[in-house]
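K.L.:
build me a model from this:
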Amino acid sequence: MDYREASVFTTTEGIDIVAGYLTERGIRGVQIEDAADFQAFLEDTSPHWDYVEEDLLRLKESETRVIFYLPENAQGGEAYNAICGGLEALRRENPAVDLGRLAVETARVSEEDWSTAWKKYYHPLHVGERLTVAPCWEEYTPGPEEIVVTLDPGMAFGTGTHETTRLCMELLEKQVTPGCALLDVGTGSGILAITGLLLGAERAVGVDIDQLAVKIAGENARLNGVEGRLELFCGDLVEQVSGTFDVICANIVADVILRLAESVTRFMRKRTETDRGSALLCSGIIEERRDEVEAGLREAGLTVDEAVNENGWCALLLHL
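P.N.:
Below you'll find the predicted structure:
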């Protein structure tokens, strides 16, 4: 399948607003090219440079842009049109910020080119107290008691490099107990479900609306030797799921978390004096929408027990 690379041209000040706008509309990962960052880098390191490639010098003069990818199919086309149609409203909603042109340019990228070009930037990453996420193409020797999640994310979202995934993994590390059952809604690369299994969960269920993500999650489960304990479904939210779970992860976006709140409690046990109950971990929430999301979850009968933040993103731990 080919993919559409779309660039939204903005300003340094507008990056967070544009990236948040895309995330809220289902884009599960963006790439940022900010000329201001390169200028600062060049100034800090210029005494050590004898030569700078022309391509890098052109980046210094380039326009700041936020890049995202969509499949070249009907679903991707609808998402692209909806995103473009809402950009001018974004300017009206943020009158105090210079958002730049907000023009969009596109290019076609083959799956093979896209899925391999970024690998040179992806290296082992330490998360929480014991976890390390390592790409399968790099050798990595773990330390004592270190748990290594080996990944080949391919076209799926979830490498551990984004704040939303890291925050959820940090909460997950504290919530998984030996023998527990885990549900991962919007599983992407399978990183959270696989992490839970490596931490000691007995079984996990992963759900994603993207068939390619389900395929990649299965491949990553095999890389980590947990394929026999991970059940995967392709579908919307939890329509194919049954039973109850000790831990539920939802690393998605605010609007989908609010939709999920209507049904997720039926997969949870209430906390009592003798039962710690089911834990719900929600991530992918920008700080500006945290209050709205918390209100929706409270309305569903959930209690917020912990909130963690990083770079404008928030993750929540909740119980019934």
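
K.L.:
now the helices for the stretch 101-250 of the chain?
P.N.:
111-117, 163-175, 191-199, 211-223 (DSSP state H, counting those that start in this stretch).

K.L.:
of all the ones you listed, which gets the most neighbours per residue?
P.N.:
The highest average neighbour count among the helices of the stretch 101-250 of the chain, using mean count of other CB atoms under 10 Å, belongs to helix 191-199 at a mean of 28. (C-beta placed from N, C-alpha, C; glycine too.)

K.L.:
quick one: residues in contact with that helix.
P.N.:
With contact meaning CB atoms under 8 Å, 6 or more residues apart in numbering, helix 191-199 is reached by 131, 133, 147-149, 151, 153, 158-160, 165, 168-169, 172-173, 176, 180, 182, 184, 187, 203-206, 217, 220-221, 224, 226, 229-230, 247, 249, 251.

K.L.:
just to revisit the earlier point, so which of the helices of the stretch 101-250 of the chain gets nearest H126?
P.N.:
Nearest of the helices of the stretch 101-250 of the chain to H126, taken as CB to CB: helix 163-175 at 9.8 Å.

K.L.:
show me what the closest one is packed against.
P.N.:
Applying 3 or more CB pairs under 8 Å, 6 or more residues apart in numbering; DSSP states H and E, one finds that helix 163-175 contacts strand 125-127, strand 131-135, helix 191-199, strand 247-251, strand 279-286, strand 303-310, strand 313-319.

K.L.:
rerun at 10 Å
P.N.:
Here helix 163-175 touches strand 125-127, strand 131-135, strand 181-185, helix 191-199, strand 247-251, strand 279-286, strand 303-310, strand 313-319, going by 3 or more CB pairs under 10 Å, 6 or more residues apart in numbering; DSSP states H and E.

K.L.:
okay, these in TSV with mean pLDDT and distance to A74 next?
P.N.:
Listed next are the helices and strands packed on helix 163-175 as TSV, based on pLDDT from 0 to 100; distance: least, CB to CB, whole Å:
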stretch	mean pLDDT	distance to A74
strand 125-127	89	35
strand 131-135	91	32
strand 181-185	97	24
helix 191-199	97	28
strand 247-251	96	26
strand 279-286	93	25
strand 303-310	95	36
strand 313-319	95	31
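
K.L.:
now the terminal residues of stretch 90-98, how far apart.
P.N.:
11 Å (CA to CA, to the nearest Å).

K.L.:
among the helices of the stretch 101-250 of the chain, which gets the worst mean confidence?
P.N.:
Mean pLDDT is lowest for helix 111-117 out of the helices of the stretch 101-250 of the chain, coming in at a mean of 61.

K.L.:
picking that back up, adding distance to E88 as columns, could you present the helices of the stretch 101-250 of the chain in TSV?
P.N.:
Shown next, in TSV, are the helices of the stretch 101-250 of the chain (distance: least, CB to CB, whole Å):
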stretch	distance to E88
helix 111-117	28
helix 163-175	27
helix 191-199	35
helix 211-223	31
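
K.L.:
can you say which of these is nearest to E273?
P.N.:
When the helices of the stretch 101-250 of the chain are compared by CB to CB, helix 163-175 sits nearest E273, at 18.9 Å.

K.L.:
so how far is the closest one from its chain's centroid?
P.N.:
11 Å (CA atoms, centre = their mean, to the nearest Å).

K.L.:
for the nearest residue to G218 once chain neighbours are set aside, name its beta-bridge partners.
P.N.:
What sits nearest to G218 in space, not counting adjacent residues and going by CB to CB, 6 or more residues apart in numbering, is L232, at 5.7 Å. Beta-bridge pairing for L232 (DSSP bridges): G206.

K.L.:
wait, L232 sits on D184?
P.N.:
Yes. Contact status for L232 versus D184: in contact at 9.3 Å, counting by CB atoms under 10 Å.

K.L.:
more neighbours, these two?
P.N.:
Between L232 and D184, D184 has the larger neighbour count (other CB atoms under 10 Å), namely 31 against 20.

K.L.:
now that one: how far from M169?
P.N.:
12 Å (CB to CB, to the nearest Å).

K.L.:
so what sits against both of these two?
P.N.:
G158, I191, L192, T195, G196, C249, N251, L281 (CB atoms under 10 Å, 6 or more residues apart in numbering).

K.L.:
nearest to T272, of the helices and strands packed on helix 163-175?
P.N.:
Comparing the helices and strands packed on helix 163-175 by CB to CB, strand 313-319 comes nearest, at 10.5 Å.
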